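> Build the 3D model from these lines:
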Amino acid sequence: MGARVLHRLRWGLIPPWSPDPHRGAPLINARAETVTAKPAYRAAFQQRRCLIPADGFYEWQAQGRTKQPFYFSDPQGQVLALAGLWAAWPIPAGGWLRTTCILTTAAQGQVAPVHDRMPLILPPWSWGPGWGHGGGGPGPAGAGIGGGAPVLAGESAGQCRAGGRGGFNRAGGC
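Next up, the predicted model:
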């Protein structure tokens, strides 16, 4: 097992066997319940797990023809560690394109009334080599991961509109 490193990864997992990184829909989320059964995620789950640090996350609640964003974070302001997978796609001209996705699970706690899914949040005790380096460690379906419903603070994020570079422009707290 190697040392932990911090890398910048592109959002949207591209399996190494994919013929073209621009073909198909981006793989941004992987269901924890089925990650070992899906060819796009199986090898990454076995060998390339990662922790994705986050201040919080958004879930969107359908309200008629629109969606209302809700922002969830740790009530004490602690960083969340989201369970992730990564892959390195070979660039034909040389080098590697590192990509990632987040594992999701059934919504729990304060998230459940807003959305049916949420990121899989790993508690600090699970951040050891068994998770981050693949092999051993927690299995699929969230077994041994998450330690129950995380305590999160949720709030309506107001009106959001798409911003530059794939982000959001802040308006009304989003």
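
> where does this structure dip in pLDDT?
1-3, 129-130, 132-174 (pLDDT under 70).

> So which residues of it form helices?
Here the chain has its helices, by DSSP state H, at 39-47, 129-132.

> For residue 20, find the nearest of these.
Closest to residue 20 of the helices of the chain is helix 39-47 (Cβ to Cβ; 14.2 Å). Every C-beta, even on glycine, is put in place using the N, C-alpha and C of the backbone.

> what about residue 121, distance to residue 95?
Plainly put, residue 121 is 32 Å away from residue 95 if you go by Cβ to Cβ, to the nearest Å.

> So for the two, which sits in the more crowded spot?
residue 121 (24 against 10; other Cβ atoms under 10 Å).

> Nearest spatial neighbour of residue 45, chain-adjacent residues omitted?
residue 35 (4.8 Å; Cβ to Cβ, 6 or more residues apart in numbering).

> With residue 51 instead?
In space, residue 51 is closest to residue 81, 4.5 Å off (Cβ to Cβ, 6+ apart).

> Show me where the chain has its strands.
Using DSSP state E, the strands found in the chain span residues 10-11, 29-31, 49-54, 56-63, 66-73, 80-90, 96-106, 117-119, 121-122, 153-156, 161-162, 168-169.

> Keeping just the C-alphas, turn the fourth one into CSV.
Think strand 56-63. What follows is strand 56-63, C-alpha atoms only, in CSV (Å, rounded to 0.1, in the frame of the first residue of the first chain):
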residue,chain,number,x,y,z
GLY,A,56,-21.4,19.8,2.2
PHE,A,57,-23.5,18.8,-0.7
TYR,A,58,-26.7,19.7,-2.5
GLU,A,59,-29.8,17.6,-3.1
TRP,A,60,-32.6,18.8,-5.2
GLN,A,61,-36.3,18.4,-4.3
ALA,A,62,-38.8,18.3,-7.2
GLN,A,63,-41.5,20.9,-6.7
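
> Confirm for me that the residue nearest to residue 45 is in contact with residue 43.
No. Using Cβ atoms under 8 Å, residue 35 is not in contact with residue 43, being 10.7 Å away.

> Just want to know which of the two has more residues nearby.
The residue with more neighbours, out of residue 35 and residue 43, is residue 35; 24 against 15, by other Cβ under 10 Å.
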